[in-house]
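Enquirer: The sequence isn't on hand, but the structure is:
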């Protein structure tokens, strides 16, 4: 499991409904708190920790991303198998764990 860093989305964000459906809440663990360029679909984003997903959450995420982005299931699964859930940075707040906070000082 991750370090304790978390991404949270506002309940007013259009993506909040998907987060609630997939994760059951409006926050999710990150691999680390530093945003990066995640490609054309996400742009600047965070790396959600795919290892934190339950099997049910993974199935819901694959379904939601396939429907939203019209990406084949195999492609979504491939990204998740890499350990990363791409999370678009816009509208997301981040809580940074003590380990990463100390590293930033």
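Expert: It's in. Keep in mind it's a predicted model, so treat the numbers as computed, not measured. Numbering: from 1, shown residues only.

Enquirer: Run through the helices of the chain in chain order.
Expert: Ranges of helices within the chain are 16-23, 55-69, 73-81, 98-104, based on DSSP state H.

Enquirer: most packed of the ones you listed?
Expert: Most buried of the helices of the chain by mean neighbour count (mean count of other Cβ atoms under 10 Å) is helix 16-23; its value is a mean of 16. C-beta here means a position set from N, CA and C on the backbone, and glycine is covered the same way.

Enquirer: packing partners for that one?
Expert: For helix 16-23, the contact count by 3 or more Cβ pairs under 8 Å, 6 or more residues apart in numbering; DSSP states H and E identifies helix 55-69 as packing neighbours.

Enquirer: From the chain's centroid, how far away is the helix it packs on?
Expert: 12 Å (Cα atoms, centre = their mean, to the nearest Å).

Enquirer: between it and helix 73-81, how many degrees?
Expert: 130 degrees (axes from the mean of the first three to the mean of the last three Cα atoms, to 10 degrees).
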